[in-house]
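Student: Provided below for reference: sequence and predicted model.
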Amino acid sequence: MGGPQTARAMKNIKDIRKILVINLGGIGDFLLSTPALRALKKCFPEASIAFMGVSRTCEMARSYAYFDRVIPFTFYDEEKRKFLFTRSFQLFDFLRALRKEKFDITINMRTIVSFFGALRMAFVFWTIGSQYRLGRDTEGRGFFLNMKIPESDAGDKLEMDYDLATVELLGADISDRSFDAGLFGQDLGSIALLLEKEGIKTSDRIITVNPGGMLSHRWPLENFIKVIEDLLKRVSCKIVIMGGAQELGLSTRLKLRLGSNIVDLIGRLSILDSAALLKRSQLLITNDTGPMHMAAILKTPMIAIFGGGYLTRFDPRKISSSTIVLSKNVVCAPCAKAQCASLKCLKEISPDEVLKAALRLLGV
């Protein structure tokens, strides 16, 4: 399908009319890609840029001015990291429709985690049929790309830097590494009304707790409960629990143990409402998941409980100095597992460590 190319080998840059960006990661992956997306738009101001991602990232993507179109990709289970090939005929029709749009450039802004994942993305890219196919050559798995950057599985730099290096192949200026935080979390009106209905005043200190996320990234719920109970004894505050609709099971268990001591907003917030809540909060205690990256960009003081994920890639301290990361060096970490029976990396982090970090950030 052609060898690697650079921006010099491309046709006249003015002839680039249509670009498709594919990112099948989560909210955090999308947010870390936004400096690169801004650089891409500045490099091709006249081109039509479409974004394709899972439903949750599309919700966030619609609030950014970088895209002329946002396309939900409903053939991927983000939780299990698998394509839904049970709907293969619909998937093929979907991709054939994209092929008819004649995108000049298609960009994959995610790691290629396995050989089978590479085959699936190759099918997507070759069916769409763009002349220029950009992305990461993760451990040599980017064979279907003709413009690519090297990458190891674990990574040796922040995820954002891989996305910036990718668009740099097209001649984009990547000197601006800032985040457009002003595009989300600014309007506190709706979240203020919701909190008021739950009995939280504007003068109240809010500690937000995010106990969900990928199953392999979840600190034991019992530990979260212990930290919340201790915080309520030590600090004058309101505890707000956040999470997605898929985490309603956590809501039931938390209410059973903590009752009216918490304000449970699991499954009740949009992505942008979640960002607004984090901006209003004085502290976030979270697993390694999307709200962790939101809080880092918004500079909300935060404790990030990091298990087997790739800390080098996703370390929020590289974005915000108001962050404490708690993690343990175990022989099986880091890993890319979606589920784990052991969770040794997380179970070694004690509630007392989290409590001490919380009190430190709160200045108590």
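Tutor: Arrived safely.
Student: Burial check on Ser175, number of neighbours?
Tutor: Around Ser175 there are 8 other residues, counting by other C-beta atoms under 10 Å. Where you see a C-beta, it was placed from the backbone N, CA and C, and this is true even at glycine.
Student: List the contacts of it.
Tutor: If you count contacts by C-beta atoms under 8 Å, 6 or more residues apart in numbering, Ser175 has none.
Student: Poorly predicted segments of the stretch 151-300 of the chain, please.
Tutor: In the prediction, the stretch 151-300 of the chain carries residues with pLDDT under 70 at positions 181-187.
Student: Can you show me the strands along it?
Tutor: Taking DSSP state E, counting those that start in this stretch as the criterion, the stretch 151-300 of the chain carries its strands at 206-210, 238-241, 262-264, 283-287.
Student: Arg317: which of the ones you listed is closest?
Tutor: The minimum distance between Arg317 and those falls on strand 283-287, with 13.6 Å, by C-beta to C-beta.
Student: For Ile200, see how far away Leu193 is.
Tutor: According to C-beta to C-beta, to the nearest Å, Leu193 and Ile200 sit 11 Å apart.
Student: Of the two, which one has the most company?
Tutor: Residue environment comparison for Leu193 versus Ile200 gives the larger neighbour count to Ile200, 18 against 10, counting by other C-beta under 10 Å.
Student: Quick check: chain neighbours aside, which residue is closest to that one?
Tutor: If you skip the residues right next to it in sequence, Ile200 has Lys238 as its closest partner in space, 5.0 Å away by C-beta to C-beta, 6 or more residues apart in numbering.
Student: what's the most buried one of the strands of the stretch 151-300 of the chain?
Tutor: With neighbours defined as mean count of other C-beta atoms under 10 Å, the strands of the stretch 151-300 of the chain peak in mean count at strand 283-287, which reaches a mean of 26.
Student: gap between that strand and the chain center?
Tutor: In terms of C-alpha atoms, centre = their mean, to the nearest Å, the gap separating the centre of strand 283-287 from the centre of its chain is 15 Å.
Student: Report the backbone C-alpha coordinates of that strand in PDB.
Tutor: In PDB, the C-alpha atoms belonging to strand 283-287 read as follows (Å, rounded to 0.1, in the frame of the first residue of the first chain):
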ATOM      1  CA  LEU A 283     -10.700  18.100  45.700                       C
ATOM      2  CA  LEU A 284     -11.100  15.000  43.500                       C
ATOM      3  CA  ILE A 285     -10.300  11.500  44.600                       C
ATOM      4  CA  THR A 286     -10.300   9.300  41.500                       C
ATOM      5  CA  ASN A 287      -9.100   6.200  39.800                       C
END
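Student: how big is the angle separating it from strand 206-210?
Tutor: Counting by axes from the mean of the first three to the mean of the last three C-alpha atoms, to 10 degrees, strand 283-287 points 10 degrees away from the direction of strand 206-210.
Student: helices or strands up against strand 283-287?
Tutor: Using 3 or more C-beta pairs under 8 Å, 6 or more residues apart in numbering; DSSP states H and E as the contact criterion, the neighbours of strand 283-287 among helices and strands are strand 206-210, helix 290-298, strand 302-305, helix 351-362.
Student: Point out the one among those that comes closest to Phe51.
Tutor: helix 290-298 (16.4 Å).
Student: outside of the closest one, which residues touch it?
Tutor: With contacts defined as C-beta under 8 Å, 6+ apart, helix 290-298 is touched by 26-28, 31-32, 56, 179, 181, 184-185, 210, 213, 242, 274-275, 278-279, 281, 284, 286, 302, 304, 314, 316, 319-320, 323.
Student: Can I get stretch 42-56 as CSV, trimmed to CA atoms?
Tutor: Extracted in CSV, the C-alpha atoms of stretch 42-56 (Å, rounded to 0.1, in the frame of the first residue of the first chain):
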residue,chain,number,x,y,z
LYS,A,42,-4.4,25.5,12.2
CYS,A,43,-2.3,23.6,9.6
PHE,A,44,-5.4,22.9,7.4
PRO,A,45,-7.7,25.8,8.1
GLU,A,46,-9.7,25.4,4.9
ALA,A,47,-10.1,21.6,5.2
SER,A,48,-13.2,19.9,6.5
ILE,A,49,-12.2,17.8,9.6
ALA,A,50,-14.4,15.0,10.9
PHE,A,51,-13.9,13.2,14.2
MET,A,52,-14.9,9.6,14.7
GLY,A,53,-15.0,8.1,18.2
VAL,A,54,-17.1,6.2,20.8
SER,A,55,-20.3,7.9,22.0
ARG,A,56,-18.8,9.4,25.2
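Student: List the buried residues for it?
Tutor: For stretch 42-56, a neighbour-count test (16 or more other C-beta atoms under 10 Å) marks Cys43, Phe44, Ala47, Ser48, Ile49, Ala50, Phe51, Met52, Gly53, Val54, Arg56 as buried.
Student: Name all residues that make contact with the residue lying closest to Gly309 once chain neighbours are set aside.
Tutor: Using C-beta to C-beta, 6+ apart and skipping residues adjacent in sequence, the residue nearest Gly309 is Asp288, 4.6 Å away. If you count contacts by C-beta under 8 Å, 6+ apart, Asp288 has them with Gly213, Met214, His217, Ala304, Ile305, Phe306, Gly307, Gly309, Phe314.
Student: Likewise for Leu269?
Tutor: For Leu269, the contacting residues are Met242, Leu277, by C-beta under 8 Å, 6+ apart.
Student: Quick check: phi and psi at it.
Tutor: Torsion angles at Leu269 (phi, psi; degrees, to the nearest 10) stand at phi -120, psi 140.
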